[in-house]
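> return atomic coordinates for the entry below.
(chains A, B, C and D)
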There are 2 protein chains.
Amino acid sequence: MRMSGGIPPIGPTGDTLAGPVDLDVTAADAGRRPRADAVRNRAKLLDAAARLVADCGAANLTMDAVAAEAEVGKGTVFRRFGDRNGLLLALLDHEEQRIQEAFLSGPPPLGPGAPAIERLRAFGPAVMRHELDNMELYLAAEPPVERRCSVPARGLRRAHLMILLRQTEATTDVELAAETLLASIDTPLLHHLVEQRRFPLARLEAGWQDLVTRLATPLP
Amino acid sequence: MRMSGGIPPIGPTGDTLAGPVDLDVTAADAGRRPRADAVRNRAKLLDAAARLVADCGAANLTMDAVAAEAEVGKGTVFRRFGDRNGLLLALLDHEEQRIQEAFLSGPPPLGPGAPAIERLRAFGPAVMRHELDNMELYLAAEPPVERRCSVPARGLRRAHLMILLRQTEATTDVELAAETLLASIDTPLLHHLVEQRRFPLARLEAGWQDLVTRLATPLP
DNA sequence: AGGGAAAGCGGACCGTGGTCCGATTACGTT
DNA sequence: AACGTAATCGGACCACGGTCCGCTTTCCCT
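Predicted coordinates:
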């Protein structure tokens, strides 16, 4: 069960942090223990939202409906999650943590234990599969354009890629390379290629391998 | 002056088309000559919208305000441009055409006349500068997530890059390479890097050159 | 246990995007 | 020039996201 904490603070992205720890969206923090009813309501809301997403689709989720389904005032929904995006992000949080654990501390070659280049190669396919599995939610939970690239989850992936890239013989601008890699598997693009243009997943995976190779190989 | 034509049809992307011609958003087509008042209103609306954007900012542009400023009914605004996004796209159309002409038929090295690799190298900086110059509008006019990658302007850029890539000694999946290149200079990312993370433009340009080199060079 | 104050709650309220349909106007035809 | 028709116009109307503020609940402290 997750604690509450008011509006999610869009914290600065710890760029050089390497540790495996990271909490993300809607995370609670300091201060005192939250009130019992707040916790209860939060749970009721997440539950109601999940139910509604299940049978109306994430795109059709309305805040009014969530409040009604949870038998709670509308104001409560907004206080708990800040806005619609916050609610969707909270719904996604569980899945997001799974992929984060997978590349931060899971088994190799994705997790620690394999050489950096192998981990890089494994990263793309893992994230692609993960995003395809939760495509609907990821698309619906896309943050507004100004925050898009500052979102904690993205910061973590960026930092992870940068660390791995530095461990290869890459000569490139590592920070930019990380951004390029991330951009090449951004959810909307993935969705477009797979759903609308019918690219087979294998092709995308091969493309990722190729890109990693090219970025991690010193130019002649 | 551009003719009207009701809701902009999100046409399929002509993937292999090479010609220099291309009309984009809100383009009109077949049928009969549009009514005089329709043309007049369209002009009044675009004018009013431009005025409002100029002093309230594109992000704060409301459809009601545009209708009022143009002294026209609200319904008219929506019939002419389909939705808010369509209006913004129409506002951007003029600028968009300028950059399109620049890489389709302008002077080298961006336009025809230079070797493909040089044109590729010139493409990134040109588009970056262009998007930075019109950042506000481009951000405000971002299409909803489902259409994002199917938008005509993007199709044209993709086709252009694919043609150039094929003329190099690249061995990669050319279609994916084009997507990667496009993704690396997507407007929101550009905005994030330049405005929020203070990357100097020169660094981004160098990154583009590097990426082009790596993608267009056969692997050893 | 009791009291006080902060945190939480709820739903009325507002602004905005988008739809709809009866009234109006322009255009081709006779 | 007059007419019929189809496209256009306009603003009332709806749904949804988000805010606000007076009332209620919970928790800490003595």
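> now the closest residue to residue A:183 other than its chain neighbours: which helix or strand?
Of all residues not flanking residue A:183 in the chain, residue B:183 sits nearest, at 3.8 Å (Cβ to Cβ, 6 or more residues apart in numbering or on different chains). No exception for glycine: its C-beta is placed from N, CA and C like everyone else's. Take DSSP states H and E as the rule and residue B:183 turns out to sit in helix B:174-184.
> which secondary structure element of chain A has the lowest mean pLDDT?
Within chain A, no helix or strand scores below helix A:36-56, which has a mean of 89 by mean pLDDT, DSSP states H and E.
> same for the next helix or strand after that one, what does it pack against?
Toward the C-terminus, helix A:36-56 is succeeded by helix A:63-69 as the next helix or strand (DSSP H and E). Counting contacts by 3 or more Cβ pairs under 8 Å, 6 or more residues apart in numbering or on different chains; DSSP states H and E, helix A:63-69 is packed against helix A:36-56, helix A:74-81, helix A:84-105.
> now do the contacts for residue A:87.
Going by Cβ atoms under 8 Å, 6 or more residues apart in numbering or on different chains, residue A:87 touches A:45, A:49, A:61, A:63, A:66, A:77, A:80-81.
> before we move on, what about residue A:200?
Not one residue lies near residue A:200 by Cβ under 8 Å, 6+ apart.
> can you give me the distance of it to DNA strand C?
Applying Cβ to the nearest atom of the strand, to the nearest Å, the value for residue A:200 to DNA strand C is 34 Å.
> do you know how far that residue is from residue A:142?
25 Å (Cβ to Cβ, to the nearest Å).
> count the residues that sit near the residue lying closest to residue A:133 once chain neighbours are set aside.
In space, and not counting its chain neighbours, residue A:133 is closest to residue A:95: 7.9 Å by Cβ to Cβ, 6+ apart. Neighbours of residue A:95 under the rule other Cβ atoms under 10 Å in any protein chain shown: 15.
> please apply the same query to residue A:167.
Neighbour number of residue A:167 under other Cβ under 10 Å is 14.
> list the contacts of it.
Per Cβ under 8 Å, 6+ apart, neighbours of residue A:167: A:115-116.
> and it, what's its pLDDT?
With respect to pLDDT, residue A:167 scores 95.
> next, find the distance separating it from chain B.
For residue A:167, the distance to chain B equals 19 Å [Cβ to the nearest Cβ, to the nearest Å].
> so residue A:53 sits right up against residue A:61, yeah?
Yes. Between residue A:53 and residue A:61 there is a contact under Cβ atoms under 8 Å: 5.7 Å.
> now residue A:51: closest residue in space, sequence neighbours ignored.
residue A:69 (6.5 Å).
> quickly note the distance from the one you found to DNA strand C.
13 Å.
> that residue - how many residues pack around it?
Neighbours of residue A:69 under the rule other Cβ under 10 Å: 16.
> who's in contact with it?
Counting by Cβ under 8 Å, 6+ apart, residue A:69 has contacts A:48-49, A:51-52.
> whichever of the residues you listed end up buried, select them in PyMOL.
Restricted to buried positions by 16 or more other Cβ atoms under 10 Å in any protein chain shown, the PyMOL selection for the contacts of residue A:69 reads:
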select buried, chain A and resi 48+49+52
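> of all the contacts of residue A:69, which comes closest to DNA strand C?
Within those, the smallest distance to DNA strand C is 11.9 Å, found for residue A:48 (Cβ to the nearest atom of the strand).
> got the CA positions of stretch A:115-125 in CSV?
Below are the C-alpha coordinates for stretch A:115-125, written out as CSV (Å, rounded to 0.1, in the frame of the first residue of the first chain):
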residue,chain,number,x,y,z
PRO,A,115,28.9,-6.5,-19.5
ALA,A,116,27.5,-3.0,-20.1
ILE,A,117,27.1,-3.5,-23.9
GLU,A,118,25.0,-6.6,-23.3
ARG,A,119,22.9,-4.7,-20.8
LEU,A,120,22.4,-2.0,-23.3
ARG,A,121,21.3,-4.5,-25.9
ALA,A,122,18.8,-6.0,-23.6
PHE,A,123,17.4,-2.7,-22.5
GLY,A,124,15.5,-1.8,-25.7
PRO,A,125,13.7,-5.0,-26.2
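> mind listing what's buried in that stretch?
Neighbour count says stretch A:115-125 has A:116-117, A:119-125 buried, by 16+ other Cβ under 10 Å.
> swap in stretch A:204-220?
Buried residues in stretch A:204-220 (16+ other Cβ under 10 Å): A:204, A:207-208, A:210-212, A:214-217.
> same thing with stretch A:92-108?
For stretch A:92-108, by 16+ other Cβ under 10 Å, it's A:92-93, A:96, A:99-100, A:102-104, A:106.
> neighbours of the residue nearest to residue A:183, just the number please.
Residues within reach of residue B:183, counting by other Cβ under 10 Å, total 20.
> how near is it to DNA strand C?
Note on residue B:183: its distance to DNA strand C, by Cβ to the nearest atom of the strand, is 25 Å.
> contacts only, for that residue.
By Cβ under 8 Å, 6+ apart, the contact set of residue B:183 is A:180, A:183-184, A:186, A:189, B:189.
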